[in-house]
Structure formats: structure tokens, C-alpha cells
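**Student:** Turn this into a structure:
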Amino acid sequence: MAASYRRATSREKSRLRLIVVQALVLSLFVTLFARLWYLQVLSGEAYQAQAAEQSVRELVVQPARGLIVDDMGRPLVANRTSWVVTVDRTMLKKMDADAQESLLRRVAGTVGSSYKDVVARTLLCGEPGSIAGTCWNGSPYQPVPVAEDVPQEIAVSILEESEDYPAVLAESQSVRAYPSPYGINAAHLLGYLSPITEEELDEAEAENDTSVHGASVVGRAGVEKQYDRYLRGSPGFQRVAVDSMGRVLGDSGEVQGRAGDTLVTSIDARVQAVVEQQLESTIKLARKTMDTVTGRRYVADSGAAVVMDATNGRIVAMAGQPTYDPSVWVGGISSKDLGRLYSEKAGTPLLFRATQGQFAPGSTWKPIMTAGALSNGYSPSTRLNCSSSFTVGNRAFKNYESGAYGYIGFDKALQVSCNTFFYRIGYNFWQKFGSDVSDVKAKDPLVDMAKIFGFGQETGIDLPGEASGRIADRQWKRDYYEANKDYYCRLGKQDGDDFLHRFAREFCIEGFAYRAGDAVNFAIGQGDTIVTPLQLARAYAALSNGGTLWEPRVGKAIVDPEGNVVRTIAPRKQGTVKVSEKTLKYIDTALLGTTRTGTSSWRFIDFPLDEVKIRSKTGSAEVYGKQSTSWLASYDGQYVVIMMVSQGGTGSGTSGPAVRKIWETLYGVRGSRVVEDEAALPGAKPPLELPVFAKDGEILPPLVSAPERAADSKARRNR
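**Tutor:** Take a look at the predicted model:
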């Protein structure tokens, strides 16, 4: 009986437990189905949208960069299609290490690169092992370029054999091209591009600048840098759907970008070509010419030439040597090529001698000194002795290009380039105002006039990295002494009787003193005063136009992709030379005589000077331990033409033929005749109008009235 009761009770408990379990299971199923209903029915659309969002990537679409054209609409910088091989980092990271290495080695072999270089390109900047300049600075979800300018057949093979190249894509992109009309180089003027840096990207983000991103390239020099914000355009964005492995399934839409604007420059390709050719050939010839002073050939290590519109400061042509091929930057520059561009042995090709090179001006300085003298007590009737030498203390300062001419005026002194004439002026002002060698505030009319003509400061040209030159006045000498006296005083205490040790001892004691020798050297453009060729061109333009100092301009206008003018880059007047009209006219007439009968006349024999009235001044600047620097500065009523060859010899002897050839090109001179139809520019005058941007995208020369322009140009050159 008791046993039966126990069995009945046990069955009752088991049944109860089973009911509880069944109820629990049922409740779980109810909860599960309720949750599924909530997710799939009630919230299904929201979760679908989130899932879709996670499967869509946003890729940056680089816009076509704007063109750079010359004053006639000829393209100086354009774009071309380049095949680029990219690697999808997301898909790459989903592979195991062996598969990654195998793939990247296969890619390196296909594109002709090294495995190490390909790996370095796939690393994000900041990742362990990343190398600045090589690592990827863009979005981690953006395909990373590992090879640019790949031959089309290689790109096609990668696309056709996609199963062998998972995570690898070949696509065409727009890169810079250099059409080189008339064979021009213009590398320093145009500049180059390179990837944006992390600092620049952070700065852009702080300024809410959406025109750049991690994959952007930006201008680094020349007008590419100066007008980068116009040329770069605005990027577009493409949304692509991907699967769980990161493979692209299709497009989900695209936000169109905006192509960059076109920059119209004042450069004329035809004139630029002649200027470059003449500068290069002049340097080559100088290197074959014997220097009678040193008994060896001229080094001719660098040079520059400038053609400026004297009426408004626009640059018609400008060249420097040595130069480089601008296309070397396209697709990434090799370390070997980069090393050469910065190499002193190669002449530092990246340095633009026209705006960044600084040289003693030599006798081309004398017209500025004439203005200073005539504005401070001297007159056109002044006569000073052009002796063969002039003694200051125990040193005889001699003439360089001229002999003894007796008592002459400023006009003759300029025409024969008499040093001793200007030595006397510099010495007289030093005696009158500044014989106290320690007085840094002493009056100096010649220094003041140099500053009035804009020397010792940047011209304001629309090119980055311009040098300011230097006026070696009393304040500069004092500052230089304070900065260097400790070094020279230590050196002077050492044993040694060579020039350097003797100089160090003298400098330690009185290096601050502005002596008579400094003053006379300054008067002829020697000593520590240095100028850029562009500064000299602007000063001579002021002599031509009646005293206006213009800020030189390369850019002329910005035109959008539809052909509308976005911005006109107008010439800007920086100041006026405070010299009387009478004095400027006197100097102008004197320099006209330099071309007819003076030091440059032998280079202009049979030139039609009655029709093209060229004024000129030669210069041969001497620097201790180096050969003479050749200068020839010239102008008329329309143009300024300057050429300089460092360690190249005399002014007219070395640079004369090239400067004449440039003038012949500008005006269409053939022998002793002016053939206006053969002038480099229509009407022998830079166009004020812009090129015509047709609706079909073609760029045509400006619409000008040739007879009108020719008449105006003739009036200017005959002034």
C-alpha cells in the first residue's frame, strides 16, 4: 500500500515537471517568434537600410585638373589618361599572410616593381613600417595605387585574369601631360604636383575645405602651386555595393565632381621657346670659351633670362638653367631623380635662377646709381675723371670693361661703363655723410635709391619661393658682424697665415665698419649686394614706363570648364619711383647711346635701331673666387629683356648675341629690316585680350585687330 502511494506520487511529480518544461519551451518559442516578427515585420525596413548602408562604400573620384595655357591659348599643361594598378586593402586584409605575400609578389612582378615597394605603398601613413612620401595618405577603404603609368597591355591582362589577382584592379586615371608647344620646357614656371601631406589635409579639414582629400595631389611649385585651389577642381564620390568579402557587386550611385578651372597665363610659348633656346646655347658656348683672366674655360654654371611687358609687369617669357623635365614628377618620382633635382653637383635644377637666384648685378646697377646721384646734388652737366684706376686707402680700384676716358658726364660713363666715375660718386657720398664707420644710420643716397627701385625686397610675383635679394648697407653689415663675429674670432685665434685666417682676424676686430671700400663697391654693383634677374627686369621696366614699379604677373585669368571668366588677374601697381621725369629721360637717352655707340653696340651692328629703339646696359660682376658673371639688360617702350650667365664672362661678349636674337623674335627683325608679319606676337605686342573658349571645348587665339595693334606697337618701339 505504501509502495503504491509512493509510485503514484512520483508519477504526479513527473507529470508536473513535464508540464513546466513544456510551458517553458512554449514560452521560449513564443518569445523567439515574437522577436522574429519584430525584427522582420515591424523593424524590417530599418534594419534592411542599415545592412545596405554597411554594404556600400564611398570612393573618391578624382576630378580632371584644370589646363594651363599661354596668352594665345596654346596648352602648356594638359591631362592624359594613365593606367593605374590599385589594391583593395579591405580584401587584402581578409587573406592570410601567405596569400597576401603571394599576391603582392605577383603584382610586383607584373608591373615591374619590387615587392618591397608594393608593400610600402599599401601601408597607411602612420602604420608600423610606413614610409613618408610612399605610404597611402587616403581613405583606408579607397583602392590604393601601387603602380602608375602601367602599359595598357599589362592593365588589360590584370583585368582579364582577375581570378589570379583578387583585390587588384586596373583603371584609367587623368594625369598631367606637357604638350611643349615650340618645344618649350618652362618647368620652373609651371611647377609640379605631389600627394597631399597629412599636415595639409588636417589644415584643409580645419578650414572645412572639401576640395582635397587623402588621395589628392597638390601643386608644389610654379603656377601649379600658386593657383592650385582653382586648378584642382572638386572631387566626386562613387558609391559601390560590396559583398561580405569586400568584392564589388555594382554601383549604388555617383556624386559628380567638378573639373578644375583653366589658368590663362601671360607667357607666350613662341617667345618662351626662343628665350630657352638662346639661354641654353649661350651657356654651352660659354663653356667652350677661354677666360683670359683665369686661363681656363668659363664654368657657366647657371643662367636666367626674363622678357617682361614694361607697360604692366606681365611676364612674356622667363627661363632658368639648369632645368629639368617636368614630366619626371608624373606617377611619382624616383629617389634617384629626386636626388638629382636637389644635387649641387647637378646645379640644383629645382632652383629657378630668374626669381630665386641671387647675383651681384655688376654694371647693370649703374643706371640706378645715376638716378641716386642726379637726385642728390649731381647734374647732367657734372664731369668726373674716368681714370684707369681710383685709389681708396692703399687699394687701387680699377676699371673693368672701359679704359681711361678723361673727364666725362653720366651719359658717357654709362655708355662706356666707367667704374672709376662711379667710384668717385660713392666715395664722395661716403665722405660727406658716412665717414663714421660705426654709424649705421648715416645717410646714403645711393642705398636709398636702390631701395626706391625695389631692390632688397620681393617683387611680389605670383610664383612661390621668390628670393628678396640683398642691399649690403650699413645695417646689413652690422647685423652680419653680430651674427658671425664669434665664429671668426675663434678662427682668428688659430695658427695660420692664409687668406681665411687673416680675414678672420680682421673681421673680428672691425667687421662692423662700413668703410670707403664698401661704398665704392656698392656704387658699381659689387661687394655683398645681390639681386635676382627678375628684380633687375622690373627696375629697368620702371626706367621704360616712366617710373612705375609693377608686381610681375604670370597669371592672366581663371576660366571655368564652361568657358566663363571666373577671375581676371589684373596687373598691380606696387609703387612709383621717386625720381624726376627729367632724370629718367636723361638716363633713358644715355642707355640708348649704349646700344648705338657704347659697350653693347658691337652686338647690334646692322640692327634697325631707328625702328626698334633699344636701350641697354652691360655688366660683368666679379665675385671673389669665381669667374665674372655676364649681364645684359635692355628695354624699349614695350619690352624688357634681361639675360644673366653666372661665371659666363662679359655682358655683351657672352649674352649679347642671345639678347639680340630675342629682340629679333619679338619684332620680326630680319637682318636690318623689321618684318611685322614675322613678329612672335600679333602686332608685336602682348595681347590684352584673352583666348576664345569655344562651346565645343576648343581654345582659340584672342580676337584682335592686327593693324591697330601693329600701329600701337610701332609707336611704343619708336618712343
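**Student:** pLDDT of the particular helix or strand that has D479 in it, averaged?
**Tutor:** Following DSSP states H and E, one finds D479 within helix 474-492. Averaged across helix 474-492, the pLDDT comes to 94.
**Student:** what separates T282 from A304, distance-wise?
**Tutor:** Per Cβ to Cβ, to the nearest Å, T282 is found 11 Å from A304. No exception for glycine: its C-beta is placed from N, CA and C like everyone else's.
**Student:** Need the residues touching each of those two.
**Tutor:** M643 (Cβ atoms under 8 Å, 6 or more residues apart in numbering).
**Student:** packing partners for the following helix or strand past the helix holding D479?
**Tutor:** Counting by DSSP H and E, the next helix or strand C-terminal to helix 474-492 is helix 499-510. Other helices and strands packing on helix 499-510, by 3 or more Cβ pairs under 8 Å, 6 or more residues apart in numbering; DSSP states H and E, are helix 474-492.
**Student:** just for the stretch 601-719 of the chain, where's the confidence low?
**Tutor:** 704-719 (pLDDT under 70).
**Student:** could you pull out the helices for it?
**Tutor:** 656-667, 706-717 (DSSP state H, counting those that start in this stretch).
**Student:** Can you find the helix or strand in this structure with the smallest mean pLDDT?
**Tutor:** None of the helices or strands of the chain scores lower by mean pLDDT, DSSP states H and E than helix 44-54, at a mean of 53.
**Student:** Going by neighbour count, which residues of the longest strand seen in the chain are buried?
**Tutor:** Longest strand in the chain, counting residues (DSSP state E): strand 75-87. The neighbour-count check on strand 75-87 (16 or more other Cβ atoms under 10 Å) flags 75-79, 82-87 as buried.
**Student:** following that strand, which helix or strand comes up?
**Tutor:** Counting by DSSP H and E, the next helix or strand C-terminal to strand 75-87 is helix 89-93.
**Student:** got the angle for the following helix or strand past that following helix vs strand 75-87?
**Tutor:** Sequence-wise, the next helix or strand downstream of helix 89-93 (DSSP H and E) is helix 97-111. Per axes from the mean of the first three to the mean of the last three Cα atoms, to 10 degrees, the angle that helix 97-111 makes with strand 75-87 is 150 degrees.
**Student:** Sketch out the low-pLDDT regions of the stretch 201-350 of the chain for me.
**Tutor:** Counting by pLDDT under 70, the stretch 201-350 of the chain shows low-confidence ranges at 238-254.
**Student:** ditto for the stretch 351-500 of the chain
**Tutor:** 400-402.
**Student:** do the stretch 51-200 of the chain as well
**Tutor:** Ranges of the stretch 51-200 of the chain meeting pLDDT under 70: 51-59, 132-133, 139, 141.
**Student:** That one: helices as residue ranges?
**Tutor:** Going by DSSP H, counting those that start in this stretch, the stretch 51-200 of the chain shows helices at 89-93, 97-111, 115-122, 152-160, 187-190, 198-206.
**Student:** Tell me which of those approaches T382 most closely.
**Tutor:** With Cβ to Cβ as the criterion, T382 lies closest to helix 187-190 of the helices of the stretch 51-200 of the chain, at 42.5 Å.
**Student:** which secondary structure elements does the closest one contact?
**Tutor:** Using 3+ Cβ pairs under 8 Å, 6+ apart, the elements in contact with helix 187-190 are helix 222-226, strand 315-321.
**Student:** ok, and what's touching it?
**Tutor:** 68, 76-77, 178, 221-224, 265, 267, 318-320, 323-326, 352, 354-355, 463, 554.
**Student:** ditto for stretch 569-580
**Tutor:** Residues contacting stretch 569-580 (Cβ under 8 Å, 6+ apart): 312-314, 371, 374-375, 449, 452-454, 459-460, 462, 542, 547-551, 553, 555-558, 584.
**Student:** Try it again at 7 Å.
**Tutor:** Residues from elsewhere that reach stretch 569-580 (Cβ atoms under 7 Å, 6 or more residues apart in numbering): 312-314, 371, 375, 452-453, 460, 542, 547-551, 553, 555-557.
**Student:** Now do E458: how many residues are near it, please.
**Tutor:** Neighbour count for E458, taken as other Cβ atoms under 10 Å: 16.
**Student:** For the residue nearest to W631 when sequence neighbours are not counted, give me its contacts.
**Tutor:** With Cβ to Cβ, 6 or more residues apart in numbering as the criterion, W631 has its nearest non-adjacent residue at 3.4 Å, and that residue is G619. By Cβ under 7 Å, 6+ apart, the contact list for G619 reads 361-364, 525, 631, 651.
**Student:** try 8 Å
**Tutor:** Listed by Cβ under 8 Å, 6+ apart, the contact set of G619 reads 361-365, 417, 525, 629-633, 651.
**Student:** Between these, which sits nearest G683?
**Tutor:** A633 (24.9 Å).
**Student:** Could you measure from that closest one over to V118?
**Tutor:** Counting by Cβ to Cβ - A633 and V118 are separated by 53 Å.
**Student:** Which of those two has more residues huddled nearby?
**Tutor:** A633 (33 against 22).
**Student:** doesn't I642 make contact with the more buried one?
**Tutor:** Yes: between A633 and I642 there is a contact under Cβ atoms under 8 Å: 5.1 Å.
**Student:** shared neighbours of the two, anything?
**Tutor:** Joint contacts of A633 and I642 (Cβ under 8 Å, 6+ apart) are 536-537, 540.
**Student:** could you redo those as TSV and give each row secondary structure and neighbour count?
**Tutor:** Output for those, formatted as TSV (DSSP: H, G, I helix; E, B strand; the rest coil; neighbours: other Cβ atoms under 10 Å):
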residue	secondary structure	neighbour count
L536	helix	28
A537	helix	28
Y540	helix	27
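**Student:** All set now, cheers.
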